[in-house]
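Chemist: Predicted model follows, preceded by the sequence.
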Amino acid sequence: MDWKRFGFIALIITILIGTVVYVGQTRQTPLLIITSMLATTIAVATPLTLGALSGVYCERAGVVNIGIEGMMLTAAFFGWLGGIYMFQIYGLSAGISITLGVFFAIITGGLMALLHAALSITFKVDQIIGGTVINILAVGLTGFLNRQLFFGKGSVFGGTVPSSPGVLPTIHVPITELFAPLCGTSAVCLENVQAINRVFDQKPIAIAAILLVFISHYILFNTRWGLRTRAVGEHPRAADTVGINVIKMRYANVVIGGMFAGLAGAYFTIESVPSFEPLLTNGRGFISLAAMIFGNWTPIGAWAAALVFGASQALLINMQIFRDVIPPQLSFLQESYIVGLTPYILTMIILTGIIGRTTPPAADGVAYEK
Amino acid sequence: MQSEKQSISRGKKILQSILDATLVPFLAIFTAVVIGGVIIKMVGGNPFEAYMGLIEGSLGSKKALSETAIWATPYIFAGLAVALGFKGGLFNIGAEGQLAVGAVFSALIGYALPQWLGYDLPAIVHIPLAVLFGMLMGGLWAGIVGALKAYTGGHEVINTIMMNYIALNTTSFLLNGIMKDPSPTNVIARTPLIAESARIPPIFDGLRVHWGFVLALLIAFLVWWVLNKTTLGFEIRTVGLNPDAAKYAGINVKRTIILTMALSGMLAGLAGSIEVTGLNYRHELGFSIGYGYDAIAIALLGKSHPLGVVLAAFLFAAMRNGATRMQFLTQLPVDLISMLQALILLFVAADAIVRYIYRIKSRGERVVLTRGWGG
Amino acid sequence: MKKLYFVMALLIVASMILAACGAPATEAPAAGATEAPVAAATEAPVAEVTLDDCVKEEVFCVGLVTDVGKVNDKSFNQSAWEGVQQSQVDGAADLVQFIETADAKDYAKNIATFGDAGFDVVVTVGFGLGEATLAAGVTYPDVKFIGVDQFQAWQFTEDTADDSANVTGLNFPEDQAGFLVGALAAMMSESHVIGAVCGTDVVPPVWRYGEGYKAGALYADGMNSTTTEVQVVYHSDVGFDKTFTDPEWGAQTAKAMMDNGADAVFGCGGLTGNGAITAAAQAGKYAIGVDADQYLTLPEAAPQMLSSAMKLIVPGVAELVAQAKDGSIAAGNYTGSAGYAPYHDLEGAVSDEVKAAMEEINAGLLDASITPGVAPAKP
């Protein structure tokens, strides 16, 4: 474990949350602010975490993936579209349509990744350019279809965007029910328990993302598959000589990575809000990439980094909410401009190697030639 | 005898190389157009009408040609910026941000310099000042990334992406704050109009195409000349091909990386400067969005060769410009253009696919454009 | 090489076959041969007006140029386009057509495309097109221009007065609409904390909505001697083109507000606002829509949709097109109407006192006895 890095990350998150607690103390109890911040942080970090995991799988196998953004966007669109088709055209129930939508998103992510894999592994296209192709293609494809399918002449939906089957429900973790009796009659205590409960009441993809972080960490570092994956990413030639099929391993991992990006896409249109908008991923795929590097190509590290980005977003939101009570010496924090830059500048600092060197897999970005 | 043979074979070689360089892009475009047509048909449009609209709207009249040239101008600059980076082994995804920075600072010199000085400048001084300042700021913006790459190994792809966000945030901050047009009727984030003396005049009366377009062509030639005829160009290309070899050859690799990035940024900055001084006469949030990303496709399509970039820029410009006419005639969405461009890029980048479809043998070596994160 | 030509030929043939198969039966024989018959087949069923007819005096054509955005943005571009379509249904326009602007530098060209084609009215949407519209007004003196959200300041400078006599700005008192729903939210809130999630405050209508909302809540407090905390958040920390299209951010911001006790959320600002509205509805809090009656456009939030701050773009545009046709249109500014949408599903939840108070406030705003006191744009 890279404790220096985790310490740094924990420090930043603490500073971010502490600032909000300090600013909002006249209006809210610290516990309420902290739990609210954490809940927002986890939710905002979800697509970033999944995107970063996508990157980890691809790059651990030796394929640079800057097409995460495009994979997310395409998956968000087709997952949402699939849900609508199931719901409106095939008349399935909302619940089933939503679930199928998530699967469509994952498959779409996998297919886009397959294209990336074909480009970079089989056709040996420069991997960064392959990713750029994916990103540009995603924007054109989703923008065009979104317009034409719903608005064009002969649209099955008659010129309007039909209502989607909705979004995934929040999963309630019964902490309040379990601990409320301990509070007895104290209303403050009950309020606090409810506040803590709020952090854990997340939606399915958010919860899945966290589980997948640990599962991925286990797979990558404690299983045969993980060992092989890392081998083809570090020393493909050596891996080849001991009988590992480099091409196959790379294909598999890139496609798995794409499915993670697909799940991240589903977060936008199936978990968060039930609508699609051109460019709705808003560069979060690139932030994921930064989180992956920030986390030194490990799932847990990438998650921690995603939480930093999530927390800085949560700070921004809360600063605006507490606008009226910000003390003058901190008033610069209202300028979303300054706080908004934090994740980007942090990423650049991390890349300089001041806080521990980031070391990519040795064969990352190099096509394997037999 | 032998020399004669050699010269014949050299002539053949040149012909062959020209054919080689143009055949694949041409087939890539052709394939993309066919697939695009099929897609248009599938969604209930009329591909022939759509393509006719595109051609009419981009080449059909003097006005259309002028507008195509207007579109091509920033594309040529930004495309050259990315292409120069590729030549030096650097992937500059940051043209978008450098362009915005160039535009903002050009606009600043354009409207504020006369106020600071208290007197009007002649155009012959004011225009170059505005353009050069924007260009230099673009260069500085990219130079930071170059320096980070040279001294810390921070990868330019991530850093330029981050710098894009920082540039957009900074632009937004400036345009909403100290640089906001103070006139009472203005309600959006934009600078005041630049002074008349800072405006690049149009070439023809009644058409919008301006001398910046000519400058773009000149700069393209200049880039070609620098890359192929000067020591600096040789160093850039050598570092791009093999930094280790360059080091042994006594080239200052760090300096060359920083310089390449800065030059690339200056070209991208120029794209922004010329848009402000030649066309928009101000900068506004939302102007020139996406040119930096189109530029990547243009550089790839042009095989990073300045002449190729100019041609590719024209193609993209014609498509963007013709889109209006296409929409007007068919009511098909503009996004169609993005999709066509993505398909073209796909087939150009993955020329192996095109070679496979049309059974063309690959000649020459693979050009290394970028390297993994390690640098 | 031979193979190459073969494949090319194959591709061309394939594309033609596809073209033929996909085409409607009427044009199947012509498809692929030349483009002229195809165009004739699709565009000229009996007595239908085509683009070429727009130059004729008796054919009334209306064109619409969007801001950088789409005609299906569920927001002002779409409403304006629906207004234009409405004018066709009403019989004012014979042919309507739109061009979506992909880049700001195309404003002038897109407007000119309609002007050159002999259109009689060109509707341009959004403040960004203001200057290009005025310029086009000079180039095309016979065309009437309607600028949605474009405040016309020309009357202040005498020299330009004549030039712009064919440009009419259509503006809306968004502050009044915001004021209405602000008052409503304050009266309905049980926690006395209400919120608004908006696009960037750089855009004046958004600013007017947000600040009007605050003012309305304050006014309701004054009426009922309550104290309501109003949280208005503008999305300004991203590129300009993203501030209205970030539903995920809207949803997260709304959630953070509700965590802070808000029980009514006003989403103002395109899809960003829609994200907030949906999140509020899912949490079982009051959701308040914007621009149109969003009970109809956001079905997923409908059960919790308290009301919407409306600016009536569709009737406003249709009305101006009709005026342009009969020649009564006046240059300068035309103020459309604002209002609040019906309570729909929550009809029963709103008490009669609140309903009465809302009608009173609305009447007060209309006769100007109540003024929101909001600056036209962020100072």
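Modeler: On my side now, so go ahead.

Chemist: Up against chain C, what does the stretch 51-200 of chain A have?
Modeler: Within the stretch 51-200 of chain A, the positions lying close to chain C (C-beta under 8 Å from any C-beta of the partner chain) are A:147, A:150-151, A:161, A:163-164, A:166-167, A:170, A:198. From N, CA and C alone the C-beta is placed, and that goes for glycine too.

Chemist: with the residues you listed in mind, which one is nearest to chain B?
Modeler: Checking those against chain B by C-beta to the nearest C-beta gives A:R147 as the nearest, at 3.9 Å.

Chemist: Looks to me like the closest one is in a helix.
Modeler: Yes: counting by DSSP: H, G, I helix; E, B strand; the rest coil, A:R147 falls inside a helix.

Chemist: To which secondary structure element type does the residue in the stretch 101-250 of chain B that chain A sits nearest to belong?
Modeler: Distances between the stretch 101-250 of chain B and chain A by C-beta to the nearest C-beta are smallest at B:G154, namely 3.6 Å. Following three-state DSSP, we place B:G154 in the coil state.

Chemist: residues near it, how many?
Modeler: Counted with other C-beta atoms under 10 Å in any protein chain shown, residues neighbouring B:G154 total 25.

Chemist: so it touches A:L351, yeah?
Modeler: Yes: using C-beta atoms under 8 Å, B:G154 is in contact with A:L351, at 3.6 Å.

Chemist: Residues that sit against both of these two, list them.
Modeler: Residues touching both B:G154 and A:L351 by C-beta atoms under 8 Å, 6 or more residues apart in numbering or on different chains: B:L148.

Chemist: Report all helices and strands that the helix or strand where C:K355 lies contacts.
Modeler: C:K355 belongs to helix C:352-366 when elements are defined using DSSP states H and E. Contacts defined by 3 or more C-beta pairs under 8 Å, 6 or more residues apart in numbering or on different chains; DSSP states H and E place helix C:352-366 against helix C:174-188, helix C:204-224, strand C:338-340.

Chemist: ok, and what's touching the shortest one?
Modeler: Spelled out, that is strand C:338-340. Residues from elsewhere that reach strand C:338-340 (C-beta under 8 Å, 6+ apart): C:172-174, C:176-177, C:180-181, C:184, C:307-312, C:358, C:362.

Chemist: On the three-state scheme, B:I258 is what?
Modeler: helix.

Chemist: Give me the number of neighbouring residues for the nearest residue to C:G336 once chain neighbours are set aside.
Modeler: Residue nearest to C:G336 in three dimensions, not counting chain neighbours: C:G316, with 3.5 Å by C-beta to C-beta, 6 or more residues apart in numbering or on different chains. C:G316 has 22 neighbours, counted by other C-beta under 10 Å.

Chemist: quick one, what contacts C:G316?
Modeler: C:83, C:148, C:170, C:172, C:334, C:336-337.

Chemist: in a helix, that's where it is, yeah?
Modeler: Yes: assignment of C:G316 by three-state DSSP places it within a helix.

Chemist: In chain A, what residue lies closest to chain B?
Modeler: Nearest to chain B in chain A, going by C-beta to the nearest C-beta, is A:G365, at a distance of 2.4 Å.
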